[in-house]
Structures are given as structure tokens and as C-alpha cells.
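Novice: return a 3D structure for these sequence lines:
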Amino acid sequence: MVSPIVGNKSGATPCSGGKGKREKRMSEPQSSRANLSIGDVSELTGSSIDTIRYYERVNLMPEVERTSGGHRVYTDEHVRRLAFIRHSRALGLSLEQIRQVVDGTEGGSYSCEEWQSLLNLCAEGIVRQIDDLRTAERNLREMIDACGQAELPNCRVVERLLAGEIPQ
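Specialist: All right, here's what the predicted structure looks like:
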């Protein structure tokens, strides 16, 4: 099972903000599930089948047993790991940071202090994203105010965008 008491030994870069498409919410955990299909895990976690397979390919998931017919067989451990990954992504951790957390947890080498340091980096990244969004909103409002409501070939906003005049 993945423990959340871990950190980042390599001084990871600030968090990405969890960008990417949103998936369904996870259902409430149940006790002692075993022999789950990938479809079951997808339904339980709200993660797409492609996402689950991707996490397996990049070694974020525990090894998955297979039936004699080659079908994957999942357990509660896999559901918990997916929950950890999804919650970490929602906090803004990158997949590489999540890998470091998982590796550190399994090796018992990360402290609560290191985990807090990583979360502080994520919080700082979110503040920067908020600042960037405020700047984008301000730029949009300026463009709206500058609009002379002319037809598109003569639109001042489009002309400014094409000329690269909108401040970043």
C-alpha cells in the first residue's frame, strides 16, 4: 500500500498543477476486493482503461498478475495506488514526482518533512498559475474593451492579436 508520508529527495521542479483531462470521481472504497478486471478498476476509480494501462507501462502501478488467457487481474492494492495517483495529480504533482513518492514510500526512504517540501512546491506552482490566469483575464478584458465591434476583417482585437501586440 502507498503511504502518503513521503517527499522528494531530488529537489523536483514546481508542480504542474495537475493539467490534463478530468476523469470521473472515484467511488467509495470497499473492503477486500480481488480478481478485478481492468474494466472493474476503471469503473471503481473513474480512470480510463488507457490511463490505467499507461500507468502500468511507466511503472507507477504495482505489477499486475495475468490469467492463463492473458487478462489482467487487479486487487485492492491497484485501486489504492490509482487513488493515490489521482489525488496526487489533483494536488498538482507531476507523474515524475509521483514516481519519486511511490519509490520513496516503497523503499521507506522519505520523511514527512520531504513530503511537505514537495507539497509546498506544488502550492507555489498553483499561485504562479493563478497569477498567469489573472494576467490572461486582464488581457481579455482589455481586448473586449478595445473592440470597436467592427466586422471581422476590420476587427481591432484580431488585428492586435495578429500583430502580437497583446501583452503577456
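Novice: quick one: low-confidence ranges for the chain?
Specialist: 1-32, 148, 150-152, 166-168 (pLDDT under 70).
Novice: ranges for the strands of it?
Specialist: Along the chain, the stretches classed as strands by DSSP state E are 65-66, 72-73.
Novice: out of those strands, which is closest to S94?
Specialist: Comparing the strands of the chain by their distance to S94 (Cβ to Cβ), the top pick is strand 72-73, with 25.5 Å. Where C-beta positions appear, they are placed from N, C-alpha and C, glycine not excepted.
Novice: re the thing from before, Serialize the strands of the chain to CSV and add fields for mean neighbour count.
Specialist: Compiled in CSV, those are given as follows (neighbours: other Cβ atoms under 10 Å):
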stretch, mean neighbour count
strand 65-66, 11
strand 72-73, 16
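Novice: any chance of CSV for these, columns distance to R134?
Specialist: Converted to CSV, the strands of the chain look like this (distance: least, Cβ to Cβ, whole Å):
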stretch, distance to R134
strand 65-66, 49
strand 72-73, 45
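Novice: now M61. Its backbone dihedrals?
Specialist: Per-residue torsions, M61: phi -100, psi 150 (degrees, to the nearest 10).
Novice: burial count for it?
Specialist: Summarising burial for M61: neighbours were counted as other Cβ atoms under 10 Å, giving 20.
Novice: just R134 next, same as before
Specialist: So R134, with other Cβ under 10 Å, has 10 neighbours.
Novice: next one: W115
Specialist: Applying other Cβ under 10 Å, we find 19 other residues in the vicinity of W115.
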